[in-house]
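> How does the following fold in three dimensions:
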Amino acid sequence: MTRLLLTLIPALPLAGAVILLLGGKRTDRLGHVLGCVTVFLSCALSIVAVFVVGSENAHARLFSWVPVADLQVDFGLQLDRLSACFILLITFVGLLIHIYSVGYMAPGAEPAERPDNTVPRRRLFFAYLNLFVAAMLLLVLADNFLGLYVGWEGVGLASYLLIGFWQHKPSAATAAKKAFVVNRVGDIGLAIAMMIMFATFGSLSFADVLKAPGEQTWLGLMLLLAACGKSAQVPLQSWLGDAMEGPTPVSALIHAATMVTAGVYLVTRSGPIFNAAPIAQTAVAVVGTVTLLFGAIIGCAKDDIKKALAASTMSQIGYMMLAAGLGPVGYAFAILHLLTHGFFKAGLFLGAGSVMHAMNDEVNMRHYGGLRKVLPVTFATFGLGYLAIIGVPPFAGFFSKDKIIEIAFAENPIFGFAALLGAGLTAFYMTRVMIMTFFGEKRWDPDVHPHESPKVMTLPMAILAIGSVGAGALVWVLPDYLAPVVGHAEAAHSMPVWVTTLLTLSFVATGILFAVKQAADVPETAPAGSFATVAARRDLYGDAVNEAVFTRPGQHVTRVLVFLDNRGIDGLVNTIGATLGGLSARMRRVQTGFVRSYALQMVTGALIVTAAMLWVGSR
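Numbering: from 1, shown residues only. Down below sits the predicted model:
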């Protein structure tokens, strides 16, 4: 029973993807229905599996996968308390996004800028969504790092297909390639990590690798590199903002509850490795701290509503990585923030999609304004997500993010202050988004006629808004629930919790006040801005740094290697070939084809031999 349940959870959306990809015209009309049904069934089975398994771990060995000499890997699935949290989040939020997509990707729906919103294209879209969900479920259910790696790569492929779905736009095609390439850099880290595991432990299974790993600093650092790629952490964060070129449901699916949280899952699942490698664990906390500030600063200057939310995602994942980098004291709170973030960020992205749906795909918030009266449902659901992400009590973000700030102060004041500053910046840029979109005078084109989205889009937004309000209650049960898997330790608080809470709320209030003051008058064109503003608009020059540090030196190295290959290796080979060719051409002249020539050569040779023998005999 357990084996069947665990197999069907990822198999159902995978089967949906295969049918929709190979079914052709026969599945065009019902493609969206099949896409939603498979994820609904996977969600239902996930709930059943969690209740059937209860507090016990479930394991299903399906078949022998890699029986090669000393490397023996079975294809197996496992369900423990950590993977249970993920499968519930992935399938439930994924189902809501599938339902929302039915309206958002409807054939012929506004605006006209979507020329490929046809029935066949929608079928492909739901096939890619199903493929993404199936890969993500395999990633979190695998019982070994090789199975995790397959899901990891499957998620990367599906994200490439989804980000570049509107391939008629060159920007979308470029963004898809950029996301794919940057993620491959991180994937190299995971591949090297598996090599280290096999060389050290002779196995890739969680049970063997995580049992008693010993100090493995390089293993931890390679896993961190992999996490940076998938979770858009510094220095592999540059793909996330550009990925907003994909349809908005893709942004919600990838950047809220699934793909970008894979790195947090990897670090948390590999907790024993990082616990035994203090350098690698500290590196996780440092990367998370830098990224949460990095993303927050970028979000403060973005006028594109989706890119502002993408920068926010980068920052919020940074909070999770910071918590995971603090060890057993923070693992549970990293997952807590991951779960609450899945609700309010998915709701915010879907709300942004609803606004774009009403505004003919306009993404520039300077062309919004006053939409709260025109889009009341979108305003209410987006507003609840806004209150949750900035950490206003009693909304979900208050419980999850503030706990991370508390333990960060307890473990290291530098981390704590950075997290506190990030909370203030979050309040600033999210209030700015809220005001520029829903308040003030309308600034949209007279030809645009905003209207509320259909119920198939607003219902998922409303459900996610409920999660944004109530998911914080998990703070009282999740640490104890996850303790058998990730461990738990109490933080030695350096100051009373109520002081940390007041500090955080004061920073949040300050951020709100600054945003209200700045957004009181919004010009339709962005002013030049200061150096800091320009840097934030350009993503703190992340692309420029990557080009200067990696791309251009790599191009020079490539040119040198091509020169050495052409003039060195190929030159040597070609010289030998030309020499032999020249010799053969000259020797070929001896072969004239005339019998008299051959007879003359034979007589001449015989005379020479005879003369030589006579000369030798006379001596």
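> Just the CA atoms of stretch 383-399, as CSV, please.
In CSV, the C-alpha atoms belonging to stretch 383-399 read as follows (Å, rounded to 0.1, in the frame of the first residue of the first chain):
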residue,chain,number,x,y,z
GLY,A,383,-3.0,42.9,0.5
LEU,A,384,-3.1,39.9,2.8
GLY,A,385,0.0,38.5,1.1
TYR,A,386,1.7,41.9,1.5
LEU,A,387,0.9,42.0,5.2
ALA,A,388,2.3,38.5,5.6
ILE,A,389,5.6,39.1,3.8
ILE,A,390,6.4,42.2,5.7
GLY,A,391,5.8,40.4,9.0
VAL,A,392,2.7,42.2,10.4
PRO,A,393,1.2,40.2,13.3
PRO,A,394,-0.7,37.9,13.3
PHE,A,395,0.0,37.1,9.6
ALA,A,396,2.2,34.1,8.6
GLY,A,397,5.5,36.0,7.9
PHE,A,398,5.5,37.5,11.4
PHE,A,399,5.9,34.1,12.9
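> List the neighbouring strands of the longest strand anywhere in the chain plus their orientation.
Of all segments of type strand in the chain, defined using DSSP state E, the longest is strand 58-68. Strand pairing for strand 58-68, using DSSP bridges, gives strand 71-79 (antiparallel).
> Tell me the buried residues in the partner strand?
By 16 or more other CB atoms under 10 Å, the buried positions in strand 71-79 come out as V73, D74, F75, G76, L77, Q78, L79. In short, each C-beta sits where N, CA and C put it, glycine included.
> Can you show me the CA trace of that strand as PDB?
What follows is strand 71-79, C-alpha atoms only, in PDB (Å, rounded to 0.1, in the frame of the first residue of the first chain):
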ATOM      1  CA  LEU A  71      28.400   1.500  -7.200                       C
ATOM      2  CA  GLN A  72      25.100  -0.100  -6.300                       C
ATOM      3  CA  VAL A  73      22.100   2.300  -6.400                       C
ATOM      4  CA  ASP A  74      18.500   1.300  -6.100                       C
ATOM      5  CA  PHE A  75      15.700   3.500  -7.400                       C
ATOM      6  CA  GLY A  76      13.800   4.100  -4.200                       C
ATOM      7  CA  LEU A  77      11.400   6.600  -2.600                       C
ATOM      8  CA  GLN A  78      11.100   7.600   1.000                       C
ATOM      9  CA  LEU A  79       8.600   9.600   2.900                       C
END
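> Tell me the gap between stretch 21-35 and the middle of its chain.
Stretch 21-35 has its C-alpha centroid displaced from the chain centroid by 27 Å (CA atoms, centre = their mean, to the nearest Å).
> Now it: buried residues?
T27, D28, G31, H32, L34, G35.
> And stretch 362-380, by the same measure?
For stretch 362-380, burial by neighbour count (16+ other CB under 10 Å) applies to 362-369, 371-372, 374-375, 377-379.
> rewinding a little: for the buried residues of stretch 21-35, which two are the farthest from each other?
The widest separation within those, taken as CB to CB, falls between D28 and G35 and amounts to 12.2 Å.
> re the thing from before, please spell out which residues along the longest strand of the chain are buried.
So for strand 58-68, counting by 16+ other CB under 10 Å, buried means A58, A60, W65.
> Need the contact partners of that strand.
Here strand 58-68 makes contact (CB atoms under 8 Å, 6 or more residues apart in numbering) with 2-3, 6-7, 49, 52, 72-80, 143, 146-147.
> list the helices and strands the helix or strand where S354 lies packs on?
Per DSSP states H and E, S354 falls inside helix 331-358. Counting contacts by 3 or more CB pairs under 8 Å, 6 or more residues apart in numbering; DSSP states H and E, helix 331-358 packs against helix 81-104, helix 248-252, helix 262-269, helix 305-324, helix 376-390, helix 396-411, helix 455-470, helix 478-486.
> Of all those, which one is nearest R123?
helix 81-104 (11.8 Å).
> Name the next helix or strand downstream of the closest one, please.
Toward the C-terminal end, the helix or strand that comes next after helix 81-104 (DSSP H and E) is helix 119-141.
> Only the buried residues of the next helix or strand after that next one, if you could.
Going down the chain from helix 119-141, the next helix or strand is helix 145-163, by DSSP H and E. Buried residues in helix 145-163, counting neighbours by 16+ other CB under 10 Å, are found at 145-149, 151-156, 158-163.
> and helix 145-163, average pLDDT?
Mean pLDDT, helix 145-163: 94.
> Run through the neighbouring helices and strands of that helix.
With contacts defined as 3+ CB pairs under 8 Å, 6+ apart, helix 145-163 has these neighbours: strand 58-68, strand 71-79, helix 119-141, helix 170-201, helix 217-230, helix 248-252, helix 262-269.
> on that earlier part again, which one of the helices and strands packed on helix 331-358 lies closest to Y128?
Using CB to CB, the helices and strands packed on helix 331-358 put helix 248-252 closest to Y128, at 8.4 Å.
> contacting residues for I335?
L82, C85, V264, T268, M320, L478, L482, V486.
> now these in JSON lines, with neighbour count and pLDDT?
JSON lines is the format used below for the contacts of I335 (neighbours: other CB atoms under 10 Å; pLDDT from 0 to 100):
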{"residue": "L82", "neighbour count": "21", "pLDDT": "95"}
{"residue": "C85", "neighbour count": "24", "pLDDT": "94"}
{"residue": "V264", "neighbour count": "28", "pLDDT": "95"}
{"residue": "T268", "neighbour count": "27", "pLDDT": "96"}
{"residue": "M320", "neighbour count": "32", "pLDDT": "96"}
{"residue": "L478", "neighbour count": "19", "pLDDT": "94"}
{"residue": "L482", "neighbour count": "23", "pLDDT": "94"}
{"residue": "V486", "neighbour count": "22", "pLDDT": "91"}
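> can you redo the residues you listed as CSV with distance to F409?
Listed next are the contacts of I335 as CSV, based on distance: CB to CB, whole Å:
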residue, distance to F409
L82, 26
C85, 26
V264, 21
T268, 21
M320, 17
L478, 20
L482, 22
V486, 21
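> out of those, who's nearest L293?
L293 lies nearest to M320 out of the contacts of I335, by CB to CB, at 14.4 Å.
> Show the contacting residues for the closest one.
With contact set as CB under 8 Å, 6+ apart, M320 has these partners: S231, T261, V264, G288, A334, I335, H337, L338, H341, I404.
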